[in-house]
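S.K.: any chance you could fold what I've pasted below:
(one chain, ligands or ions: 2)
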Amino acid sequence: MKTQSQFLQVLTRDEAERRFQEHLRLAPLGAESVPLHAALGRVLAADVAAPIDVPGFDRSNVDGFALQAADTWGAMEEEARTLSLNTETLAPGIVPAEQVRRGVATTIATGGMLPRGADAVVMVEHTDVAGEQLEVRRAITVGENVSYAGTDIARGETVLRAGVPLSSREIGVLAALGLAEVSVHRRPRVAIFSTGNEIVAPGKPLPTGAVYDSNAAIISAAVEELGGQAVRLGVIPDDEVALSEALATGLQYDAVVFSGGTSKGEGDLSYRVVNALNDPGIVAHGVALKPGKPICLAVTDGKPVVILPGFPTSAVFTFHEFLAPVIRAFAGMPPQRREHVAATLPMRINSERGRTEYLLVGLVPTEDGLSAYPMGKGSGSVTTFSGADGFITIDQHTEILDAGDPVQVQLLGKGLDPADLIFIGSHCVGLDWLAGELIRAGIRIKSMSVGSSGGLMAAKRGECDIAGIHLMDPATGVYNTPLLTPALTLIPGYGRMQGIVHRIGDPRFEGRDAAAAIAAAAADADCTMVNRNAGSGTRILIDRLLGGAQPPGYGVQTKSHNAVAVAVAQKRADWGMAIDTVAQQYGLGFIPVQEERYDFVVPTARLTREPVQAFMRLLQSAPAKAALGKLGFRIDA
Ligand SMILES: Nc1nc2c(c(=O)[nH]1)N[C@H]1C(S)=C(S)[C@@H](COP(=O)(O)OP(=O)(O)OC[C@H]3O[C@@H](n4cnc5c(N)ncnc54)[C@H](O)[C@@H]3O)O[C@H]1N2
Ligand code: MOO
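M.R.: Ligands and ions are numbered 1, 2, ... in the order given. Reported below is the predicted structural model:
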């Protein structure tokens, strides 16, 4: 029998970090010399002192004539000073041979070397040449139009400091100093494995029940962003021998990252393999964090070995919490500066007691500052992290945050990227198409799917420009309009056909109308449905159709049309309610029930905003009508 290792001691985040870093040397791993063309993004390992002066000589900044400024004094447009010209012309790179004495000038080009005796350059525009004579029509001062040697960079000056990540600008400076190579910190090489029999590399076919390996891709890219070198070593099956071999390979690098197999389930073997390490081995397994509780942190011989939870959001979060600072330090990058902004919660939030919760949020500007919308699709979501602006930290002792509570949001990226147009509401592929068109037209869009009711609330609070909703008023059976208030304006959208989806050829549904199909389903005790979440427009339709009955599967409340179609296609259920376009996508049969309206609600005060107007014009345009029609939506004439 396999032993089930428990999370014997769940640590706080800070204690886990302390134990982890205690055994690590948070310093660069060494320096190496790289050619300038390969230096982009690398971190300077030593201060750079200028070996030469830049410019290396007194240089003219204009096309004109090098002379002694005193010879021009008193010169005016109608009262020129006349000088004689030397014979040479000083193009850049020419070393002057002739001296500039009183009353004499030398022709010089921009970048040319100032000749001995000259102390200024007059621009060609302020002169006339007549034979060997130069007429100057403008008085200039000593030093005018001249850059003296070493004024840009003086020899011996420290121009760049160790620890600076090299961008194109620093690389330009190094080249100007004549340096062909530069000493940079060695990039820490991070071995990255994904684990699990169900994990499939992108690009390969996906068997039912399998999952594409997103963790390796996101962790690899994050390692590179932090100045490390990602060494992708593939997907390792749930097999102790294979995992041990992987670990041995991984230990040839500077750090080892596994994802998956750290909790206590069947097949979660990664931590058992890592458990064989010593000096000191595992320092934390189980941290009071959400997401990220099963994170396993180990160190062996000064090398970090980490098992990230398999769930993508947990994996990314714990990577950034525990490993990112270590990789930065190994790479010689300065610690990350974390930026916070103040915001308000638009809705009540429940949190789990006993775990510090990191809640990813999207930020929306309002008249009273920022509103922080939870992006939560749970730890298993791949998109939560990429769509969020930041996260709030909910203390382990806090169970509830109320709507209107002030929160501090730690930003994920650099600064805030304000949007021109904010959509909050129900997700629709038609709206996706419209948003795509606006983005192509240069409008910055932020879009949050919080359902129809959430969208309506956001519009009432003035937090969005446009809320896509499809809510039927149960009393009248009319969509959307009965729910408006005077402060809201409705932009008519389009119709979508809702109906019963079933597998093609199922005799309980095929060829019947909705009422007959429901009756046939009710007559078969084995017939299972899949429901929708309470509050959704679709659920109202289902309940009307069932007339109070609750057949098998009624308790399974999925949150989208796609989830309903997948459940039916994969035979976990026999019928459900979804829109016809989704039924088509999954090759399912469809019995029309009712056309519902998907409309756009705009806070009236925002109606005149140009991006809102652009949206309205787009919706009315012939290409939009054609595209939406092709997607299966019925557009008003
Ligand atoms: N009984 C308990 N069950 C679970 C607990 C617990 O405390 N007690 N903790 C839960 C938490 S919290 C998390 S987080 C997960 C983490 O589990 P594992 O680290 O063991 O991860 P897996 O079981 O291998 O996978 C979880 C999930 O993530 C998918 N996955 C895995 N690798 C990848 C990848 N490379 N790319 C994309 N997706 C991946 C995997 O298919 C699973 O769906 O455990 C809970 N359970
Ligand atoms: O703590 Mo797990 O990391 O929520 O999903």
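
S.K.: taking the protein, what residue is nearest to ligand 1?
M.R.: In the chain, no residue comes nearer to ligand 1 than residue 310, which is 2.4 Å away by Cβ to the nearest ligand atom. C-beta: built from backbone N, CA, C; applies to glycine.

S.K.: quick one: neighbours of that residue, just the number.
M.R.: By the criterion of other Cβ atoms under 10 Å, residue 310 has 26 neighbours.

S.K.: which residue packs closest to it, ignoring adjacent ones?
M.R.: In space, and not counting its chain neighbours, residue 310 is closest to residue 260: 3.4 Å by Cβ to Cβ, 6 or more residues apart in numbering.

S.K.: return the per-residue confidence for that neighbour.
M.R.: What the model reports for residue 260 is a pLDDT of 90.

S.K.: give the next helix or strand downstream of the helix or strand bottoming out on mean pLDDT in the chain.
M.R.: None of the helices or strands of the chain scores lower by mean pLDDT, DSSP states H and E than helix 383-387, at a mean of 70. Using DSSP states H and E, the helix or strand that follows helix 383-387 towards the C-terminus is strand 390-394.

S.K.: quick one: residue 597 and residue 479 touch, right?
M.R.: Yes. Judged on Cβ atoms under 8 Å, residue 597 makes contact with residue 479 at a distance of 3.7 Å.

S.K.: shared neighbours of those two, anything?
M.R.: residue 470 (Cβ atoms under 8 Å, 6 or more residues apart in numbering).

S.K.: right, and the residue nearest to residue 310 touches residue 215 too?
M.R.: Yes. Counting by Cβ under 8 Å, residue 215 is a contact partner of residue 260 at 7.3 Å.

S.K.: now the common contact residues for those two.
M.R.: Contact criterion Cβ under 8 Å, 6+ apart; residues shared by residue 260 and residue 215: 194, 308, 310.

S.K.: in helices, which of those appear?
M.R.: Using DSSP state H, the subset of these located in helices is empty.

S.K.: and whichever residue of the stretch 351-500 of the chain sits closest to ligand 2, which of the three is it?
M.R.: Residue of the stretch 351-500 of the chain nearest ligand 2, by Cβ to the nearest ligand atom: residue 379 (2.8 Å). Here residue 379 is recorded as coil under DSSP: H, G, I helix; E, B strand; the rest coil.

S.K.: against residue 209, how distant is it?
M.R.: Plainly put, residue 379 is 19 Å away from residue 209 if you go by Cβ to Cβ, to the nearest Å.

S.K.: so these two - more neighbours on which side?
M.R.: residue 379 (19 against 8).

S.K.: I figured that one hits residue 309, correct?
M.R.: Yes. The pair residue 379 / residue 309 is scored as a contact, 7.2 Å apart, by Cβ under 8 Å.

S.K.: between the two, what contacts are shared?
M.R.: Contacts common to residue 379 and residue 309, judged by Cβ under 8 Å, 6+ apart, are 291-292.

S.K.: up against ligand 2, what does the chain have?
M.R.: 290-293, 309, 311, 314, 379 (Cβ under 6 Å from any ligand atom).

S.K.: can you list the residues you listed in CSV and add pLDDT and distance to residue 246?
M.R.: Shown next, in CSV, are the residues of the chain next to ligand 2 (pLDDT from 0 to 100; distance: Cβ to Cβ, whole Å):
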residue, pLDDT, distance to residue 246
290, 89, 28
291, 89, 24
292, 90, 22
293, 91, 24
309, 94, 18
311, 92, 20
314, 91, 21
379, 70, 24
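
S.K.: of those residues, which is the most crowded?
M.R.: Of the residues of the chain next to ligand 2, with other Cβ under 10 Å as the count, residue 292 tops at 30 neighbours.

S.K.: what sits against that one?
M.R.: Applying Cβ under 8 Å, 6+ apart, the residues contacting residue 292 are 309, 314, 317-318, 321, 358, 379.

S.K.: mind checking the SS state of it?
M.R.: coil.

S.K.: phi and psi next, for it.
M.R.: phi 120, psi 10 (degrees, to the nearest 10).

S.K.: repeat for residue 148
M.R.: phi -80, psi 150.

S.K.: for the stretch 151-300 of the chain, which residues are neighbours of ligand 1?
M.R.: So far as Cβ under 6 Å from any ligand atom goes, the stretch 151-300 of the chain lies against ligand 1 at 194, 196, 198-199, 211, 213-216, 259-265, 268, 291, 293-294.

S.K.: again, 8 Å this time
M.R.: 194-196, 198-199, 211-216, 235, 259-265, 267-268, 270, 286, 290-294 (Cβ under 8 Å from any ligand atom).

S.K.: list only buried entries from the residues you listed.
M.R.: 194-196, 198-199, 211, 213-216, 235, 259-263, 268, 270, 286, 290-294 (16 or more other Cβ atoms under 10 Å).

S.K.: narrow those residues to those in helices?
M.R.: 215-216, 270.

S.K.: nearest to ligand 2 among these?
M.R.: Set against ligand 2, the nearest of these by Cβ to the nearest ligand atom is residue 215 (12.4 Å).

S.K.: now the strands: where do they sit in the stretch 451-600 of the chain?
M.R.: For the stretch 451-600 of the chain, the strands defined by DSSP state E, counting those that start in this stretch cover 467-469, 488-502, 529-532, 557-558, 575-579, 589-603.

S.K.: list the contacts of the shortest one.
M.R.: With Cβ under 8 Å, 6+ apart as the test, strand 557-558 has contacts from 530-534, 539, 564, 567, 576.

S.K.: adjacent strands (with direction) for it?
M.R.: strand 529-532 (parallel) (DSSP bridges).

S.K.: just the buried residues of stretch 152-172, please?
M.R.: 152-153, 159-160, 162, 164-166, 170-171.

S.K.: can you list the domain ranges for the chain.
M.R.: Listed domain ranges for the chain are 13-26+187-331, 31-54+152-185, 59-147, 340-411, 421-487+608-628, 495-597 (source: automatic domain parsing).

S.K.: so which of those is the most packed in?
M.R.: domain 13-26+187-331 (a mean of 20; mean count of other Cβ atoms under 10 Å).

S.K.: give the contact list for the most centrally placed residue in the chain.
M.R.: Against the mean C-alpha coordinate of the chain, by Cα atoms, centre = their mean, the closest residue is residue 386 at 4.8 Å. Counting by Cβ under 8 Å, 6+ apart, residue 386 makes contact with nothing.

S.K.: just the contacts of strand 557-558 now: which is nearest residue 520?
M.R.: residue 576 (15.3 Å; Cβ to Cβ).

S.K.: got the confidence number for the closest one?
M.R.: Looking at residue 576, its pLDDT is 98.

S.K.: surely residue 30 and residue 186 touch.
M.R.: Yes. Taking contacts as Cβ under 8 Å, residue 30 lies within contact range of residue 186: 4.6 Å.

S.K.: fine by me, we can end here.
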